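Peer 1: below are the sequence and a predicted model; questions follow.
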Amino acid sequence: VYKRQAEQTLAEVEAHIRIDSTRLEELAHDIESIGPELAAATERSAQSAAALKDAEQGMHDWQEAWNEFNQRAAEHAQAAQVERTRLDHLDRHMQQLDERLQRMDEEQQTLGSQSVAGELERLAHESEAQETAVAGVKVNLDNAVRHIADVRSGLEQQEQELTALQSVHHDTRGQLASLETLQQAALGQRSEQVAGWLTANGLQGASRLAQEIQVESGWEHAVETALGFYLEAVGVDGLDNAEHMLGGLEQGSVALFDTRITAAAETPADKGMPLGSKVTSSWSVGSLLDGIYAAETLSQALANRAGLAAHESIITREGIWIGRNWLRVARDMDEKAGVLEREREISELTAQVAAQADNVEALRQSVSGARESLVSAENERGRLQDEYNQALRKASDLQAGLAAVQARLEQQQARRDHVMMESEVLR
């Protein structure tokens, strides 16, 4: 308002100045033309100049006041603009803070750790269960390894036992074969003529007397001495056809023993124990040993000699055979010596060979079974090893997943704490 008034006043002053200037010119012209009025015009001009000076001074003072006003107004306007700018900035900052706070609230909701904690708990249970499974498979695997070691050790021991038993069996068979060869020679079974005759009469497999009797230990030599050649006697089912059978024997010696004859009851005598009491047999050997008594010593035999009948005799344990008026002793070892003891050994060795053969076969089957068990155990170990490796890999994967979820949960927890703290600050 002041400015407009000042401008209007200035315009009026300038208009007056222009008018005055025009007027001065007119006056100057008029002065020239009108002399008398010059003094009055000069006076008016002086007055006008004084008025102009006053006006210019007033204009100058107003201009300074106006400039000062404008400066103050500009300063206030600038201050107001600064405040408006600051307020706008604060408004935008508050809006940004509100938006950020809203985002943080939303982030807090999305940072809920329940799902991650649930996943962590699930993985922890799975990992623990898998570790238990791994431990269980490891126990089974260790047991399988120990079982393989036990089976392999047992197999090696059985193989050693089998080798040793086969060696013993081989030696026993060799010993048996040697004894059988000696026994065949002692019993006349190696004579080709006799063997042919026996075969022709279907007696090639018939038992010999020496094979059918068992003698009390220590009396073998006495019984061998008493029986002599009869130890070779071939058992036959009766002697009714003997004439026909012997017609085919052109060379060699043969003794036949009728196995159908039963033993007669022996009558005790005061001359000593009958020698037949020292013999056990399914065949009746009484006819070969009747009248022969047993004495422990030669002095005992000699003491009882006086009471012997003509057909009776006494034989000692060591094989000294005496009659009423005769004595016989054989110190040389002939092929019949040891026949009974050898037959007993053959019987024992035959039983041993059979038992060893059964043991060898049983042990061979056991070794075969052990080998199959070893293969089966090794296959089972391989299966358990694969199962253990798979279980271990799964446990490792679960541990890695558990560690990753744990790290994610810790990161979320740290982020949530930071967001909560920052939200509190913003609020």
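Peer 2: That came through fine. Numbers count the residues shown, from 1 in each chain.
Peer 1: where's N359 relative to R331, distance?
Peer 2: 42 Å (C-beta to C-beta, to the nearest Å). For every residue, glycine as well, the C-beta is placed using N, CA and C.
Peer 1: revised request: answer the last question for V405.
Peer 2: 105 Å.
Peer 1: quick one, strands of this structure?
Peer 2: Per DSSP state E, the chain carries strands over the ranges 213-215, 234-236, 256-258, 273-274, 279-281, 292-295, 313-316, 321-323, 327-328.
Peer 1: looking at those, which is closest to S376?
Peer 2: strand 213-215 (49.5 Å; C-beta to C-beta).
Peer 1: that older thread, more neighbours, N359 and R331?
Peer 2: N359 (18 against 7; other C-beta atoms under 10 Å).
Peer 1: the more buried one contacts L165, doesn't it?
Peer 2: Yes - using C-beta atoms under 8 Å, N359 is in contact with L165, at 5.9 Å.
Peer 1: what's the closest of the strands of the chain to Q413?
Peer 2: strand 213-215 (98.7 Å).
Peer 1: what about the helices in the protein?
Peer 2: For the chain, the helices defined by DSSP state H occupy 2-33, 36-110, 114-186, 192-200, 209-212, 220-227, 242-246, 286-289, 298-304, 339-426.
Peer 1: format the strands of the chain as CSV; extra columns: mean pLDDT, mean neighbour count and distance to A11.
Peer 2: Listed next are the strands of the chain as CSV, based on pLDDT from 0 to 100; neighbours: other C-beta atoms under 10 Å; distance: least, C-beta to C-beta, whole Å:
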stretch, mean pLDDT, mean neighbour count, distance to A11
strand 213-215, 89, 19, 176
strand 234-236, 91, 19, 181
strand 256-258, 90, 19, 186
strand 273-274, 90, 16, 189
strand 279-281, 89, 16, 178
strand 292-295, 94, 23, 189
strand 313-316, 94, 24, 190
strand 321-323, 93, 19, 194
strand 327-328, 93, 13, 196
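Peer 1: just put these in CSV and tack on distance to E341.
Peer 2: Below are the strands of the chain laid out as CSV (distance: least, C-beta to C-beta, whole Å):
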stretch, distance to E341
strand 213-215, 8
strand 234-236, 21
strand 256-258, 20
strand 273-274, 21
strand 279-281, 14
strand 292-295, 17
strand 313-316, 16
strand 321-323, 18
strand 327-328, 20
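Peer 1: for R393, which of those strands is the nearest?
Peer 2: It is, among the strands of the chain and with distance given as C-beta to C-beta, strand 213-215, at 74.4 Å.
Peer 1: now do that closest one: which elements does it pack against?
Peer 2: strand 279-281, helix 339-426 (3 or more C-beta pairs under 8 Å, 6 or more residues apart in numbering; DSSP states H and E).
Peer 1: worst average pLDDT in the ones you listed?
Peer 2: Mean pLDDT is lowest for helix 339-426 among the helices and strands packed on strand 213-215, at a mean of 86.
Peer 1: output stretch 359-370 as PDB, nothing but the C-alphas.
Peer 2: Listed next in PDB are the C-alpha coordinates belonging to stretch 359-370 (Å, rounded to 0.1, in the frame of the first residue of the first chain):
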ATOM      1  CA  ASN A 359      33.500-137.000  10.700                       C
ATOM      2  CA  VAL A 360      35.300-136.000   7.500                       C
ATOM      3  CA  GLU A 361      32.100-135.800   5.600                       C
ATOM      4  CA  ALA A 362      30.300-134.000   8.500                       C
ATOM      5  CA  LEU A 363      33.200-131.600   8.800                       C
ATOM      6  CA  ARG A 364      33.400-131.200   5.000                       C
ATOM      7  CA  GLN A 365      29.700-130.300   5.000                       C
ATOM      8  CA  SER A 366      30.300-128.000   8.000                       C
ATOM      9  CA  VAL A 367      33.100-126.300   6.100                       C
ATOM     10  CA  SER A 368      30.900-125.900   3.000                       C
ATOM     11  CA  GLY A 369      28.100-124.500   5.200                       C
ATOM     12  CA  ALA A 370      30.600-122.200   6.900                       C
END
